[in-house]
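Chemist: Starting from these lines, generate the structure:
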Amino acid sequence: MKMRLEPAKASPAAYHAMLGLENFVNKSSKLEVSLLGLVKIRASQINGCAFSVDMHSKDARVNGETEQRLYALSAWQETTFFTNRERAALAWTEALTLITAGHASDEVYAEVRREFDEEEMVNLSLAIITINGWNRLGIGFRKVAGEYQPHKTA
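Modeler: Residues are numbered from 1 along each chain as shown. Have a look, this model is predicted:
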C-alpha cells in the first residue's frame, strides 16, 4: 500500500491544530497514560486503522502495558484483566466510536460517571474524538503501518 498524501505537508495549519488537541489530551488531561493507550488502541481496532493500532500498541508496551492485556483488548468485556475505570473508559470509547449503534446510552454514561469526574469525562471524550480523527486521516490517506518507532511518554 502506498500513502495517498501527507496531511502535515498538504495542510500544516490543520495538522498543527490536531496536534494541539493531541498534546492537550496527552499532557494536560490528567488521564493516566496507560488508560489513554488502551482507548487509542481500542478505537483504532474498531476503525480498522492499522497504522494507529501499530503505533499505540508499541507505545503502550514501552510504557509498561502487558502483552496479555493488549492481546485481549478487542475482547475486554470477556476478561478480568482491566480495572473498573479502564472498563468504563473502554465502554465509552466503543459508544463514541460506534456512535450510530447506540448514541452513547444512558447505561454506558452512568458507568463512566461512576469512575470519572466531569472534567475527566470531557477529557476522555476529547481523547476518543482525537483518535477517531487521526484514524480517519490515517485510513483516508493510507498511512502505512509498521515503520513507527515508539517513545516513552511517562
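
Chemist: okay, which residue is most central for this protein?
Modeler: Geometric centre of the chain, nearest residue: residue 40, 1.6 Å, by Cα atoms, centre = their mean.

Chemist: quick one, phi/psi of that residue?
Modeler: Per-residue torsions, residue 40: phi -60, psi -40 (degrees, to the nearest 10).

Chemist: Likewise for residue 32?
Modeler: Main-chain torsions, residue 32, degrees, to the nearest 10: phi -60, psi 140.

Chemist: any idea how far residue 132 is from it?
Modeler: 20 Å (Cβ to Cβ, to the nearest Å). Where C-beta positions appear, they are placed from N, C-alpha and C, glycine not excepted.

Chemist: Touching the longest helix that the chain contains from outside, list them.
Modeler: Counting by DSSP state H, the longest helix found in the chain is helix 118-140. Residues outside helix 118-140 that contact it (Cβ atoms under 8 Å, 6 or more residues apart in numbering): 4, 7, 18, 21-22, 24-25, 29-31, 36, 39-40, 43-44, 47-49, 51-52, 56, 89, 92-93, 96-97, 112-113, 116, 143.

Chemist: Can you give the distance from stretch 86-100 to the centre of its chain?
Modeler: From the chain centre to the centre of stretch 86-100 is a distance of 10 Å (Cα atoms, centre = their mean, to the nearest Å).

Chemist: Look up how far residue 105 lies from residue 20.
Modeler: For residue 20 relative to residue 105 (Cβ to Cβ), the value is 31 Å.
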